[in-house]
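Undergrad: what's the 3D shape of this:
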Amino acid sequence: MKWKRVSLSVVLVLGLWLCLQKPLYAKTSVKNYTFTVKPGSMGEYNITLTSGKMSSKPQVYYKNWQGKQKQLQSGVRCVKTSSGYKLECSLEKKTYYVKVKGTAKPTCRLKKNLDRYASKQTGKMGRGVSWKPKENSYQPYLMSGTCIRQIAYLTREEAVIYAMNLDKNLYLRVLDTSVRATALIAAAGLKETSALGRAIMSISRSKLADVAKTLVTGLGGISLVPDIKAVVLEDVVKKTKNYTTGLKITVTDTVRGGCVNSYESWDGKASSVYGKEYCRGNFSTLKKVEGWY
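TA: Numbers count the residues shown, from 1 in each chain. Presented below is the predicted three-dimensional model:
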């Protein structure tokens, strides 16, 4: 009888141990997770899914006019990141559903896109930079009849060249470093006491020539020179604080087919510049400022 009691105790202990160990061998089930995102405006967005344990790539859905969910096939790009996935999406102002499979729920965030360019130089931009939207980029500004065409960041020296209103012959003279600054100012019809005249005098001739040469090389002629008007010139002088800072130019096409350039001050020492919010585009070295000319 004693042996039976001992055996029964062993069985009970063994059974209890197996019950406690069972969760370690239980198979984790894969679940379907759905997140609802609502863009506040038409445009380019980034949807990021992080953490969790995802076993599939996330996909974006929307409801058609019949109320049925359809997968968003165009205007979406899935990028694998170190912490999950990033969806680069062209979205309208409506409700979307982000679906993904996994064994643990991830975190989903919606954020408007803003392109950023960081200078490789320490502390400042040595050359002007141009941002242009991609051809298929969603632009919410289209609803108001405008389209962003370019954002140009000019250094102080490039802002001076931009404002000089040089013709092709004067450009060739700028390339000649033997031309004195006073002669260049006179040829451009400026006064030495003007804001632009003083700016030209303060910039070394070699630096001014290098900038001009860079901007026209390989372009076969005039590149950065607008048919600048007096009212625009006054704005440029104001925004560059008498040509002591860089110049940011936003070029906008209007529904009537016209083109409007707006000017802002830009710290040429900044290490980063940006595109337009809600748009997706590319940066390149500045070669030409778009506009009405």
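Undergrad: For Ala209, what are phi and psi?
TA: Dihedral pair for Ala209: phi -70, psi -40, per degrees, to the nearest 10.
Undergrad: ok, the residue lying closest to it once chain neighbours are set aside to Lys287 distance?
TA: What sits nearest to Ala209 in space, not counting adjacent residues and going by CB to CB, 6 or more residues apart in numbering, is Thr177, at 4.6 Å. From N, CA and C alone the C-beta is placed, and that goes for glycine too. Distance, Thr177 to Lys287, by CB to CB, to the nearest Å: 22 Å.
Undergrad: One more: Ile151?
TA: Following CB to CB, the distance that separates Ile151 from Lys287 is 14 Å.
Undergrad: now swap in Asp253 and tell me
TA: With distances defined as CB to CB, the gap from Asp253 to Lys287 amounts to 19 Å.
Undergrad: and if you look at Ser194?
TA: Where Lys287 is concerned, Ser194 sits at a distance of 28 Å (CB to CB).
Undergrad: same thing with Gly67?
TA: Distance of Gly67 to Lys287, given as CB to CB: 50 Å.
Undergrad: between the two, who's got more neighbours?
TA: The neighbour count for Gly67 versus Lys287, taken as other CB atoms under 10 Å, is higher for Lys287 (16 against 6).
Undergrad: And what about that one, helix, strand or coil?
TA: Per DSSP: H, G, I helix; E, B strand; the rest coil, the local secondary structure of Lys287 is coil.
Undergrad: was I right about it contacting Lys132?
TA: No - contact status for Lys287 versus Lys132: not in contact, 11.1 Å apart, counting by CB atoms under 8 Å.
Undergrad: Overlap of the contact sets of the two?
TA: Contact criterion CB atoms under 8 Å, 6 or more residues apart in numbering; residues shared by Lys287 and Lys132: none found.
Undergrad: neighbours around Tyr138, how many?
TA: Other residues close to Tyr138 by other CB under 10 Å number 22.
Undergrad: That one: what's it in contact with?
TA: Contacts for Tyr138 (CB under 8 Å, 6+ apart) come out as Met42, Gly43, Glu44, Gly75, Ser90, Leu91, Glu92, Tyr278, Cys279, Arg280.
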